[in-house]
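**Student:** Structure, please.
(2 chains)
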Amino acid sequence: MPVPCCRVVCVVNYERIVIVMLDPRLLRNNIEETAAALATRGYQLDVDAYNALEEKRKALQVETQDLQNERNTRSKAIGMAKRSGEDIAPLLAQVEALGGKLDEAKAALEQVMLSLNIFYQETPNVPAPGVPSGKDEDDNVEVLKWGTPPDLGFKAKDHVDIAQALNKGLDFETAAKLSGSRFVVMNGSIARMHRALAQFMLDCHTQEHGYHEVYVPYLVNSESLYGTGQLPKFGEDLFHTKPATEEGQGMSLIPTAEVPLTNIARDHIFSSDELPVKMTAHTPCFRSEAGSYGRDTRGLIRQHQFDKVEMVQLVAPETSMDALEELTGHAEVILQKLGLPYRKVVLCTGDMGFGACKTYDLEVWLPAQDTYREISSCSNMGDFQARRMQARYKSKDMKKPELIHTLNGSGLAVGRTLVAILENYQQQDGSVKVPEVLVPYMNGVTEITPA
RNA sequence: GGAGAGGUGGGUGAGUGGCUGAAACCAGUUCCCUGCUAAGGAACCGUACGUUAAUUCGUACCGAGGGUUCGAAUCCCUCCCUCUCCGCCA
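**Tutor:** Numbers count the residues shown, from 1 in each chain, chains lettered A, B, ... in the order given. This next block holds a predicted model:
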């Protein structure tokens, strides 16, 4: 695995050499408990190996710092002697061997730090208490169901067929010509509804839920991807641009607006009265879908490029679990306003994302698939991302800055919302009703019909 | 793309080899004084890691990396970024 140029810099900066993900103190002081917690999500932490490395690290760091201290002291003495006109030759002779010893110690320390780094790089976040233990999505726990799947009274068509009949509203063939599989060209009223959905969601979050609207870059640098946890482990899920230079790291297309939005907090210390920060943005998302060959090949469900309205919150640690409930609720409101039946599940330990400590998925009812499909995922990342980003806050009565907590959630995935509307609002004659809240965004159109 | 300038603490901005983790000013915090306000005075005021009874001590950090040196914010090399002017362009 390539070492990230942005973080691993040189031996002298011990603290920057480690890409910290978990609180190092969790591993140093509570490693048994941490290992047990991680085991519930299927991650085996090699406790003995870690402890051995950590011990080495400590010894070497102390040794290195002692040597540096000696060098500094002696160099200072030389300066003073020189100033007062004394002969400094004997003093120089004394420090002769010091440099070599220091270099050795530094090199050894660097090696240990790099090994230690692997532990941090590959260790996922610790699940929050109360998150159900489980292996995969089958062990997720349903929290609630909202709405009732519509009784269409005829055999449901899927969104591909519906849109095809609506003046080629979704044109996958042309998209394949332009780009390849997993892309779409939208036409006419369908394209319009797609745009309307994003506008509606943004308006709702900004006007009713108190989010600050943000426009962000769609290409980001590798630091940002490390910050939110896509790198170093999940680089193959992303589209990368070519490096500008052989050594340089090219920019990457964002897989979600979570990356630019959350990284706004990177290397920043908020004052406590600035929190919580609530941001929303509508962006395209680009995903390589490596490893999902053959899955959801039909239709709009799994695309290399899709639009999403994202919500991100930056909050004080003690409020993050409440914030997760709130944020998930904001996503639910969109589904409710659109009249789309959904269910809410809490992900089990084994199904959660790498950086999350608790996640709710919202799954919308899709008549053609006769099942619920994910349309939003809302996660509390705890301090996991904040630690990597060095995103902190400080109040007047706090001695030191502390890490903030970060949360993100889709509110919602626009393409999948379009799918859900097409399928849930389809009528026997092939037309599709426009959900009431969307009508103003569709220039008053209440129904999409074949021309 | 061409030509220049520059990157120092929350901000402005000194600092060209040693006693500079860094002047000064502004902002901020605490206190004093003046019956409010305004003005004035004093102190404090970076982050990380290690260490400690301790805000005790140590180390590192002046865009990033490397080099020279006993010693680098300061000298050398490479890279990144920002700004200005010209050209081009949505």
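**Student:** Where does residue A:107 sit, in terms of helix or strand?
**Tutor:** Using DSSP states H and E, residue A:107 sits within helix A:98-122.
**Student:** Partner strands of the helix or strand just after that helix and their direction?
**Tutor:** Once helix A:98-122 ends, the next helix or strand along the chain (criterion: DSSP H and E) is strand A:141-146. Strands that pair with strand A:141-146, judged by DSSP bridges, come out as strand A:342-346 (antiparallel).
**Student:** got a list of what the nearest residue to residue A:92 once chain neighbours are set aside touches?
**Tutor:** Leaving aside its chain neighbours, residue A:92 sits nearest to residue A:78 (6.9 Å; criterion: CB to CB, 6 or more residues apart in numbering). Using the backbone N, CA and C atoms, a C-beta is placed for each residue, glycine as well. Residues in contact with residue A:78, defined by CB atoms under 8 Å, 6 or more residues apart in numbering, are A:88, A:91, A:92, A:95.
**Student:** where's residue A:78, which helix or strand?
**Tutor:** Going by DSSP H and E, residue A:78 is in helix A:47-83.
**Student:** Tell me which stretches of the stretch 201-350 of chain A form helices.
**Tutor:** Per DSSP state H, counting those that start in this stretch, the stretch 201-350 of chain A carries helices over the ranges A:222-228, A:258-263, A:320-337.
**Student:** and the residue of the stretch 251-400 of chain A found nearest RNA strand B, backbone torsions?
**Tutor:** Residue nearest to RNA strand B within the stretch 251-400 of chain A: residue A:400 (4.7 Å; CB to the nearest atom of the strand). Main-chain dihedrals, residue A:400, degrees, to the nearest 10: phi -120, psi 150.
**Student:** what pairs with the nearest residue to it once chain neighbours are set aside across the strands?
**Tutor:** Leaving aside its chain neighbours, residue A:400 sits nearest to residue A:394 (7.4 Å; criterion: CB to CB, 6+ apart). Beta bridges link residue A:394 to residue A:271, judged by DSSP bridges.
**Student:** contacting residues for residue A:394?
**Tutor:** With CB under 8 Å, 6+ apart, residue A:394 has these contacts: A:269, A:270, A:271, A:272, A:400, A:401, A:402.
**Student:** Which parts of chain A belong to which domain?
**Tutor:** For chain A, automatic domain parsing gives the domain ranges A:14-122, A:137-448.
**Student:** Endpoints of stretch A:159-178, how far apart?
**Tutor:** Distance between the two ends of stretch A:159-178: 21 Å, counting by CA to CA, to the nearest Å.
**Student:** Would you mark the buried spots in it?
**Tutor:** A:159-166, A:168-172, A:175 (16 or more other CB atoms under 10 Å).
**Student:** now swap in stretch A:332-347 and tell me
**Tutor:** A:332-335, A:337-347.
**Student:** and if you look at stretch A:438-451?
**Tutor:** A:438, A:441, A:442, A:445, A:448.
**Student:** just stretch A:90-104 next, same as before
**Tutor:** A:91, A:102.
**Student:** now stretch A:47-57
**Tutor:** Of all the residues in stretch A:47-57, those buried under the rule 16+ other CB under 10 Å are A:50, A:53, A:54, A:56, A:57.
**Student:** now stretch A:422-433
**Tutor:** So stretch A:422-433, judged by 16+ other CB under 10 Å, has buried residues A:422, A:423, A:424, A:425, A:426, A:431, A:432, A:433.
**Student:** Which of the residues you listed sits closest to residue A:155?
**Tutor:** residue A:426 (10.5 Å; CB to CB).
**Student:** Mind putting the contacts of residue A:394 into TSV with distance to residue A:65 and neighbour count?
**Tutor:** Formatted as TSV, the contacts of residue A:394 follow (distance: CB to CB, whole Å; neighbours: other CB atoms under 10 Å):
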residue	distance to residue A:65	neighbour count
A:269	26	14
A:270	32	19
A:271	33	11
A:272	33	15
A:400	21	6
A:401	24	17
A:402	26	17
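**Student:** In these, which has the lowest confidence score?
**Tutor:** Among those, residue A:400 carries the lowest pLDDT, at 77.
**Student:** neighbours around residue A:211, how many?
**Tutor:** Residue A:211 has 24 neighbours, counted by other CB atoms under 10 Å.
**Student:** Return the distance of it relative to residue A:262.
**Tutor:** 14 Å (CB to CB, to the nearest Å).
**Student:** same question, residue A:92
**Tutor:** Taken as CB to CB, the span from residue A:92 to residue A:262 is 52 Å.
**Student:** mind listing the strands for the stretch 251-400 of chain A?
**Tutor:** Applying DSSP state E, counting those that start in this stretch to the stretch 251-400 of chain A gives strands spanning A:252-253, A:269-271, A:277-286, A:305-315, A:342-346, A:358-366, A:371-380, A:392-394.
**Student:** how close does residue A:284 sit to residue A:362?
**Tutor:** 21 Å.
**Student:** Among those two, which residue is more densely surrounded?
**Tutor:** residue A:362 (28 against 15).
**Student:** now the more buried one, nearest residue through space, not along the chain?
**Tutor:** residue A:376 is the one closest to residue A:362 (CB to CB, 6+ apart), at 4.0 Å.
**Student:** which residues does that neighbour contact?
**Tutor:** Neighbours of residue A:376 in contact, by CB under 8 Å, 6+ apart: A:328, A:331, A:335, A:361, A:362, A:409, A:410, A:411, A:412, A:413.
**Student:** how close does it get to residue A:309?
**Tutor:** According to CB to CB, residue A:376 and residue A:309 sit 10 Å apart.
**Student:** any common contacting residues for those two?
**Tutor:** Common neighbours of residue A:376 and residue A:309 (CB under 8 Å, 6+ apart) are A:410, A:411, A:412.
**Student:** Now, those residues that are in strands?
**Tutor:** Secondary structure from DSSP state E places A:410, A:411, A:412 of these in strands.
**Student:** Is it possible to get a markdown table of those that adds distance to RNA strand B?
**Tutor:** A markdown table is the format used below for these (distance: CB to the nearest atom of the strand, whole Å):
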| residue | distance to RNA strand B |
| --- | --- |
| A:410 | 27 |
| A:411 | 27 |
| A:412 | 28 |
